[in-house]
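Colleague: Pasted the sequence and its predicted model underneath.
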Amino acid sequence: MAHRPIPAHILNGGAEPIFEVLPQSVVANMIRPTSENALLWNLIYRIAHPRISMASLLKLRPLWGTPGLQEGEDLLLPYFWGYAASGERLANLDEALDEIDGPGRQTEADLFLVGQENLILVEAKNLGLLGRCGRFGLKRCPEVHPESSSERACRYWEGGVARFLEHLDWAPRPAPFAPAPPCSRHYQLGRTLLLGDALARRTRLRLHVWLILPRSRWRTSERDWLDFVDRVRDHELWRRMRVVSWESIRELPAQA
């Protein structure tokens with residue numbers, strides 16, 4: 001099998017086995033000059049040898065988050081889009097995805113930082129915005145537009161571990177002719193949190209959910225982030241949620 005060409009915007013680590021197993025959609029994104037995927041790889045890979053110090057990450061001044069959060073040291077192995085640089089798939093991830101999303105298109109978390117005690121799920125942005133519910137935007141939401149949907153109900157509002165209300169104060173349930181529901185506005189972050197919870201339960205790790213974006217883009221996403229975190233039911237998880245800038249990540253020293 002011929003090796004895939006390495007995208008031009010990948011600065012280091014292009015020979016890593018991960019580039020043979022990543023989904024083609026992830027690699028194709030790296031061709032674009034403003035690629036979020038290339039930015040994520042370039043800035044995280046350079047500080048990830050052999051692992052990333054959690055203490056060093058917590059020392060970074062957050063754009064939003066509990067200052068001086070004390071979690072103790074933990075050495076974190078990064079999994080980019082679910083894969084280690086070695087090409088290994090993150091254990092338990094596929095089972096967690098099946099549990100939360102079922103068949104069809106599944107949640108695409110950008111980065112998992114996995115330690116002995118902690119699991120950090122990272123949503124990474126460059127110029128893009130936090131994702132909203134595409135079905136609601138297209139007026140195909142089974143809850144709000146039942147006449148246009150092939151589904152009886154949205155799985156994230158049904159019973160079980162994939163239910164938004166287990167973790168987020170998003171009541172009442174969406175309904176026709178009601179105002180736009182929070183699950184439409186916070187669809188991407190909501191699914192990321194559900195996936196993180198499912199994976200943390202399987203691995204018995206302490207969950208953190210972070211957003212990393214350029215400092216100049218924080219104002220654009222701030223209102224959505226604040227509205228989302230204010231709806232998180234678990235106060236301890238709320239304390240471990242964080243927004244960090246790419247500029248502060250860039251200040252961390254590269255690892256040999």
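Modeller: Nice, I can see it.

Colleague: Lowest average confidence across helices and strands of this structure, where is it?
Modeller: Ranking every helix and strand in the chain by mean pLDDT, DSSP states H and E puts helix 134-137 at the bottom, with a mean of 87.

Colleague: Quick one: list the elements packing against that one.
Modeller: Using 3 or more C-beta pairs under 8 Å, 6 or more residues apart in numbering; DSSP states H and E, the elements in contact with helix 134-137 are helix 182-185. C-beta coordinates here come from the backbone N, C-alpha and C atoms, glycine included.

Colleague: Could you identify the helix or strand that succeeds the helix it packs on?
Modeller: helix 187-203 (DSSP states H and E).

Colleague: Look at residue 68 and say how many residues are nearby.
Modeller: Other residues near residue 68 come to 6 when the count uses other C-beta atoms under 10 Å.

Colleague: what about it, which SS state?
Modeller: Following DSSP: H, G, I helix; E, B strand; the rest coil, we place residue 68 in the coil state.

Colleague: ok, now residue 62?
Modeller: Following three-state DSSP, the label given to residue 62 is coil.

Colleague: Against residue 165, how distant is it?
Modeller: Look at residue 62 and residue 165: by C-beta to C-beta, to the nearest Å, they are 28 Å apart.

Colleague: out of the two, which sits in the more crowded spot?
Modeller: Neighbours were counted for residue 62 and for residue 165 using other C-beta under 10 Å; residue 62 has more, 18 against 15.

Colleague: shouldn't the more buried one be in contact with residue 240?
Modeller: No. Counting by C-beta atoms under 8 Å, residue 62 does not reach residue 240; the two are 11.4 Å apart.
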